[in-house]
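Colleague: Structure of the sequence below:
(one chain, ligands or ions: 1)
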Amino acid sequence: MEKFIVMGGNRLTGEIAVNGAKNAILPIMAASLITKGKSTLFNVPIIQDVLVMQKVMEYLGAKVVLDGNMMYIDSEDVKPRDIHESLMRQLRASNLVIGSLITRFRKIKVAFPGGCNIGSRPMDLHIKGLLAMGAKITERYGYIEAEATNLHGCDILLDFPSVGATENLMMAGVLAEGTTIIRNAAREPEIIDLQNYLNALGAKVRGAGLDTIKVEGVKELGTSVEHTIIPDRIEAGTHMIAAAITGGDVLIDKVITDHLEPISAKLMEAGVEVIKYDDSIRVKASNRVKAVDFKTLPFPGFPTDMQPQMMAMMTVADGTSIVSESIFENRFKHIDELRRMGANIKLEGRVAIIKGVPSLSGAFVEATDLRAGAALVLAGLVAEDATVIEKVEYIDRGYERLESKYSSLGARIIRVNNSRNGS
Ligand code: EPZ
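Modeller: Residues are numbered from 1 along each chain as shown. Sure thing, here's the model as predicted:
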């Protein structure tokens, strides 16, 4: 088990680059199982979730080679093996192999991926869509068994614009008979990246980024594709807040500024200076940020994956901020940890009221999930004295060596291996 020790008080200044998007690479790795061919992916982030998805794919018979930030996948020998819960439970996004395996093999058996610390993470929208496409689904003993001898297009309206359900149904539609229309689809940029990958393989997907996606079934897909993963907008947003909360001045490279609009707008409302360039963004903050209210919403609303990080900044903002988490029912576990650092937060159901305090104090805290862990790093950057953050493996799921990136900007943060000092 490893931990971070952060000594607060330094302004972050300088320049860092963002890696490829975790929430784009995971569905695209799953989609690569559809074809009996090779995928070469660039700008792949070397993060734990990618390594777990690699394990799932290799278990199914794919060859996956990582070379720096490049990934070579050969899905020729993939077989429809049952995926046990021990694998599926390690990564929620493992449920994305359902859409690709049902398309290629028409028969799959995978364990439920299970919930995680931010909510129950049901699969009902995924299942409803697959049933509408002709799949026979059995849910028993913790497994989803799906069989679809003739997968056909359908016109499905999602009760909620679920990212995963949209992605699974896009993948299920690429070789189906006829056209699949997904209404009230998720509009996240990662959906567009998946569409671009599938179309580069010869699929006919249109409308990603809008609320209606059309997938015209084709007879077969190509067997070789190259694709560059889009930048990670949540990693970029996390760094934007690191600059703002420390009163710093940071240039964040290799971003798509359009993907950052909801975050940039909220930071500017808080009095932070945000300057957009072609593929980078500069964030400067000279004074204490102002408290702002925000509600998490599907894209292009304020992203739920930025809620903990933004809340960390609100704990030291000037004024009172009201935060509503409308996406997940249990995404406030970071509040208890922030309170240990002196934050003044009241929680009423899915609404948190944060009264900004002049300063936070270092404390022993622990990451409860990926973004909550990132929020604690941000709070530690400004807290007086030392903050010790346990369970940084959560942070490593979605960020490549976060401590190295912030050290390069002047932060005092080190990674310590617990087992070394016997604690
Ligand atoms: C994706 O998760 C992301 N993960 C999450 O990022 C992100 O928070 C989430 O989308 C929302 O933007 C990946 O892309 C790998 P959803 P996903 O299906 O697809 C409910 C991070 O920190 N729902 O859009 O699982 C669900 O309970 C992670 O990077 C159903 O009710 O999210 C939740 O309340 C965390 N039934 C809401 O929809 C379903 O069948 C959003 O879930 C599916 C979802």
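Colleague: From now on I want contacts and neighbour counts done on CA atoms only, so please keep to that.
Modeller: OK.
Colleague: And stretch 378-387, end to end?
Modeller: Using CA to CA, to the nearest Å, one end of stretch 378-387 lies 10 Å from the other.
Colleague: Give me the distance from that stretch to the chain's centre.
Modeller: 25 Å (CA atoms, centre = their mean, to the nearest Å).
Colleague: from here on, count from 837
Modeller: Noted, 837 is the first residue going forward, which turns the last one into stretch 1214-1223.
Colleague: residues making contact with that stretch?
Modeller: Residues from elsewhere that reach stretch 1214-1223, judged by CA atoms under 8 Å, 6 or more residues apart in numbering: 840-846, 1077-1078, 1081-1082, 1145, 1148-1149, 1174, 1177, 1195-1201, 1247-1248.
Colleague: So which of those residues reach the ligand?
Modeller: With CA under 6 Å from any ligand atom as the criterion, no member of the contacts of stretch 1214-1223 is in contact with the ligand.
Colleague: In helices, which of those residues appear?
Modeller: 1077-1078, 1081, 1145, 1148-1149, 1174 (DSSP state H).
Colleague: Quick one: the residues you listed as a markdown table, columns for pLDDT too.
Modeller: Formatted as a markdown table, these follow (pLDDT from 0 to 100):
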| residue | pLDDT |
| --- | --- |
| 1077 | 98 |
| 1078 | 98 |
| 1081 | 98 |
| 1145 | 98 |
| 1148 | 98 |
| 1149 | 98 |
| 1174 | 98 |
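Colleague: what about the helices in this structure?
Modeller: 858-867, 884-895, 921-924, 933-941, 960-968, 999-1009, 1025-1036, 1069-1081, 1097-1105, 1143-1150, 1170-1176, 1206-1218, 1229-1232, 1238-1243.
Colleague: Nearest to residue 874, out of the ones you listed?
Modeller: Residue 874 sits nearest to helix 858-867 of all the helices of the chain, at 11.3 Å, using CA to CA.
Colleague: Which residues does the worst-scoring helix or strand of the chain on mean pLDDT contact?
Modeller: Least confident helix or strand, the chain: helix 921-924 with a mean of 84, by mean pLDDT, DSSP states H and E. Applying CA under 8 Å, 6+ apart, the contact partners of helix 921-924 are 892, 930-931, 946-950, 978.
Colleague: List buried residues within the contacts of stretch 1214-1223.
Modeller: Neighbour-count burial (16 or more other CA atoms under 10 Å) applied to those gives 840-846, 1077-1078, 1081-1082, 1145, 1148-1149, 1174, 1177, 1195-1199, 1201, 1247-1248.
Colleague: Now do the closest residue to residue 1182 other than its chain neighbours against residue 862, distance only.
Modeller: Nearest non-adjacent residue to residue 1182, counting by CA to CA, 6 or more residues apart in numbering: residue 1189, 5.1 Å away. Counting by CA to CA, the gap from residue 1189 to residue 862 is 34 Å.
Colleague: low-scoring stretches of the stretch 937-1086 of the chain, by residue?
Modeller: In the prediction, the stretch 937-1086 of the chain carries residues with pLDDT under 70 at positions 950-952.
Colleague: switch the cut-off to 80
Modeller: Low-confidence segments of the stretch 937-1086 of the chain (pLDDT under 80): 950-953.
Colleague: Spell out which parts of it neighbour the ligand.
Modeller: So far as CA under 6 Å from any ligand atom goes, the stretch 937-1086 of the chain lies against the ligand at 956-962, 998-1001.
Colleague: could you dump those residues to TSV with neighbour count?
Modeller: Shown next, in TSV, are those (neighbours: other CA atoms under 10 Å):
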residue	neighbour count
956	12
957	15
958	12
959	16
960	11
961	21
962	22
998	20
999	19
1000	21
1001	26
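Colleague: Quick one: those as JSON lines, columns for distance to residue 873 too.
Modeller: JSON lines is the format used below for these (distance: CA to CA, whole Å):
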{"residue": "956", "distance to residue 873": "35"}
{"residue": "957", "distance to residue 873": "32"}
{"residue": "958", "distance to residue 873": "32"}
{"residue": "959", "distance to residue 873": "29"}
{"residue": "960", "distance to residue 873": "31"}
{"residue": "961", "distance to residue 873": "29"}
{"residue": "962", "distance to residue 873": "26"}
{"residue": "998", "distance to residue 873": "29"}
{"residue": "999", "distance to residue 873": "26"}
{"residue": "1000", "distance to residue 873": "24"}
{"residue": "1001", "distance to residue 873": "25"}
